[in-house]
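S.K.: let me see the structure of the following:
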Amino acid sequence: MNTTWSRFNITSIVLGFAFLYLPIVLLIVFSFNESKLVTVWGGFSTKWYVSLFHNQGLMDATWVTARVGLISATVATVLGTLAALTLTRYTRFKGRVLFSGMVFAPLVMPEVITGLSLLLLFVAVGLDRGFLTVTLAHITLTMCFVAVVVQSRLITFDRSLEEAAMDLGATPVKTFFQITLPVIMPAIVSGWMLAFTLSLDDLVIASFTSGPGATTLPMKIYSQVRLGVTPEINAACTILIAVVAIGVIIASLANKRREVQRQLDERAAQRG
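M.R.: The predicted structure is shown next:
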């Protein structure tokens, strides 16, 4: 097979990456701009980061977003893992098709429809919109993504490991926590990070389900951008990019470390 890269291929890749990442690079660069004008470079300065931390509105929105993300991602990870286990281990039960459709429906449902449906639900049950409703909405949105990630790992899981553990006298619960859970833990961690990132990034669903005192950071940024982009917004977005990048790096290093440890354990077992 010919693997030679043509000029067209190289140009297409360069333009594609430039289209994706050049705006992010410009945003980061202009967050250190001395000038208040975001399109005119006035010299290097970090004053907008200082100003950002003194902006009480943005700080409150950041705190709300962090709490919503942590809680919704954790709950969604637990529920998504249980749903993946159910769909993988119990292939035949009454209502499986309906259950599977309900779990994965948010994957293909437009966010506007999901947000409007949740709004109507909260109004129907008399639940005031606020922190709780945003958290519940984000759990609904992100649980399906966790289920997909964990289910893909469970499908390739070697069940003979569990059978061997139970043959040696381990109970099903002990087998799950000592055999199954450590093996699928990288998928669970990946699912949690995906859920947290989706919650951190969501604007549409939060706009439908939020209320007084529950303004998330994307909503706050969007409301300010409508009046004009400021360097403080660039600084806030740069910090978000840094947080996500650090999380991805840590997760990648942790997964690599687990993989190396697993290979070492396999080699030690073969020698023994």
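
S.K.: which residues in the stretch 101-250 of the chain form strands?
M.R.: Remark: strands of the stretch 101-250 of the chain are absent; assignment by DSSP state E, counting those that start in this stretch.

S.K.: where does pLDDT dip in it?
M.R.: Scanning the stretch 101-250 of the chain for pLDDT under 70 picks out no residues.

S.K.: go again using 90 as the cut-off
M.R.: Filtered on pLDDT under 90, the stretch 101-250 of the chain yields the residue ranges 101-111, 126-130, 149, 151-187, 189-191, 193-194, 197-198, 200-203, 210-250.

S.K.: now the helices for it?
M.R.: Ranges of helices within the stretch 101-250 of the chain are 111-124, 131-155, 159-167, 172-175, 181-201, 204-209, 217-225, 231-271, based on DSSP state H, counting those that start in this stretch.

S.K.: sort out which residues of stretch 216-223 are buried, please.
M.R.: Of the residues in stretch 216-223, 216-221 count as buried by neighbour count, 16 or more other CB atoms under 10 Å. Where you see a C-beta, it was placed from the backbone N, CA and C, and this is true even at glycine.

S.K.: the residues you listed into CSV, with extra columns for distance to G247?
M.R.: Below are the buried residues of stretch 216-223 laid out as CSV (distance: CB to CB, whole Å):
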residue, distance to G247
T216, 18
L217, 16
P218, 17
M219, 22
K220, 21
I221, 19
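
S.K.: right, and I139 touches A76 too?
M.R.: Yes: at 4.9 Å, I139 counts as touching A76 under the criterion of CB atoms under 8 Å.

S.K.: so which of these two has more stuff around it?
M.R.: Using other CB atoms under 10 Å as the criterion, I139 and A76 rank with A76 on top: 28 against 22.

S.K.: for the more buried one, give its distance to V244.
M.R.: Using CB to CB, to the nearest Å, A76 is found at 17 Å from V244.

S.K.: ok, now I233?
M.R.: 17 Å.

S.K.: between those two, who's got more neighbours?
M.R.: Set I233 next to V244 and count neighbours by other CB under 10 Å: I233 wins out with 21 against 15.

S.K.: show me the contacts for that one.
M.R.: Taking CB atoms under 8 Å, 6 or more residues apart in numbering as the criterion, I233 is in contact with 221, 224-225.

S.K.: I'd like those as CSV, with distance to L240 appended.
M.R.: Listed next are the contacts of I233 as CSV, based on distance: CB to CB, whole Å:
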residue, distance to L240
I221, 9
Q224, 14
V225, 14
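
S.K.: among the helices of the stretch 101-250 of the chain, which is nearest W48?
M.R.: helix 231-271 (4.0 Å; CB to CB).

S.K.: so the closest one versus helix 181-201, what angle?
M.R.: Helix 231-271 and helix 181-201 are oriented at 170 degrees to each other (axes from the mean of the first three to the mean of the last three CA atoms, to 10 degrees).

S.K.: from the middle of its chain, how far away would helix 231-271 be?
M.R.: Distance, stretch centre to chain centre, for helix 231-271: 14 Å (CA atoms, centre = their mean, to the nearest Å).

S.K.: for stretch 71-81, same thing?
M.R.: Relative to its parent chain, stretch 71-81 has a centroid offset of 11 Å by CA atoms, centre = their mean.

S.K.: and T91, that's in a strand?
M.R.: No: checked against DSSP: H, G, I helix; E, B strand; the rest coil, T91 lies outside a strand; its state is coil.

S.K.: and it, how far from L85?
M.R.: The value you get for T91 to L85, if CB to CB is used, is 12 Å.

S.K.: more neighbours: which of the two?
M.R.: L85 (17 against 8).

S.K.: need the nearest residue in space to F157, chain neighbours excluded.
M.R.: Excluding its sequence neighbours, the residue lying closest to F157 (CB to CB, 6 or more residues apart in numbering) is V183, at 6.3 Å.

S.K.: what about that neighbour, distance to L217?
M.R.: 35 Å.

S.K.: A251 is in contact with G191, isn't it?
M.R.: No: contact criterion CB under 8 Å: A251 and G191 do not qualify, at 10.9 Å.
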